[in-house]
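Chemist: The sequence and its predicted three-dimensional model are supplied below.
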Amino acid sequence: MLKGSVNEAIKGTGLAGQTVDIENNTVGHAGAAGIQLAGADHLTLTSNDISDSGTRSPSNPAIYLNGVSVADFNTAITGNTGARNGLDAIALHGTTGTALTWRTIANSTSTGPLGYLVDGPLTVNGGLSLNQNDYVPSLGAITVAGGPLTATGAVVTSLQDSTGNIPTRGSCFDPKVSTSCLRPTPADGGGTPLHSG
């Protein structure tokens, strides 16, 4: 178990071209994201449990995939769980190498699957499935290339449009400038927040 880090418990930078395999770790009480990886393009990230991390101000996600490339959320990035984090989420921007089925952030006191949030432009190379009641917070455009966009009763919105159980405002992606946050504007989603390529 990795416990009590001041910043990230696991942090990797300059990972392009490197094989990165992070599996079956337990992270607790990291000051920032439990795991932060920059530029990963050969990534296996499975069955990690992150709890009580990223709770300082501004809050952070359990896992941050900064500029990920060809990410495979079907087999290589799966089974990651957490609870009581600043955001019980995998935050990402970059590209996927496969289709993506959206998972909404739960932010719970009970351990469960980590949801997703998009903190910059994301290209999904394959289909994107958004199910009933999915909540898709994004700070950049989501482009779907080479597959269908399937959405039934989902909400796609600015990352700055925080809901009660998904407190993205005041996070490291949208820090508070005072005791109140600015209202989101249409430009916050990078123009059209969701489109097919």
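Modeler: Nice, thanks for sending it over.

Chemist: On the three-state scheme, Ser57 is what?
Modeler: coil (DSSP: H, G, I helix; E, B strand; the rest coil).

Chemist: so what's Gly31 up against?
Modeler: 5-8, 53-54, 56 (CB atoms under 8 Å, 6 or more residues apart in numbering). Quick note: C-beta positions are derived from backbone N, CA and C, even for glycine.

Chemist: Oh, that last question was meant for Arg103, not what I typed.
Modeler: Residues counted as contacts of Arg103 (CB under 8 Å, 6+ apart) are 113-116.

Chemist: Quick one: classify it as helix, strand or coil.
Modeler: Going by three-state DSSP: Arg103 is coil.

Chemist: Please tell me how far Ser51 sits from Ile90.
Modeler: Going from Ser51 to Ile90 by CB to CB, to the nearest Å gives 15 Å.

Chemist: Of those two, which one has the most company?
Modeler: Per other CB atoms under 10 Å, whichever of Ser51 and Ile90 has more neighbours is Ile90, with 27 against 20.

Chemist: So what's the residue count around the nearest residue to that one once chain neighbours are set aside?
Modeler: Among residues not flanking Ile90 along the chain, Ile63 sits closest, at 4.5 Å (CB to CB, 6 or more residues apart in numbering). Here the number of neighbours of Ile63 (other CB under 10 Å) works out to 31.

Chemist: What sits closest to the residue nearest the centre of the chain if chain neighbours are left out?
Modeler: Against the mean C-alpha coordinate of the chain, by CA atoms, centre = their mean, the closest residue is Ala91 at 1.8 Å. Sequence neighbours aside, Pro61 is the residue nearest to Ala91 in space, at 4.0 Å (criterion: CB to CB, 6+ apart).

Chemist: And for the one you found, the neighbour number?
Modeler: By other CB under 10 Å, 33 other residues sit near Pro61.

Chemist: For it, which residues are in contact?
Modeler: 33, 54, 85-91, 117, 171-172.

Chemist: let's see 6 Å
Modeler: 33, 87, 89, 91 (CB atoms under 6 Å, 6 or more residues apart in numbering).

Chemist: where does the nearest residue to the second one once chain neighbours are set aside land on pLDDT?
Modeler: The reference is to Leu87. Nearest residue to Leu87, sequence neighbours excluded (CB to CB, 6+ apart): Pro61, at 4.3 Å. For Pro61, the pLDDT comes out at 93.
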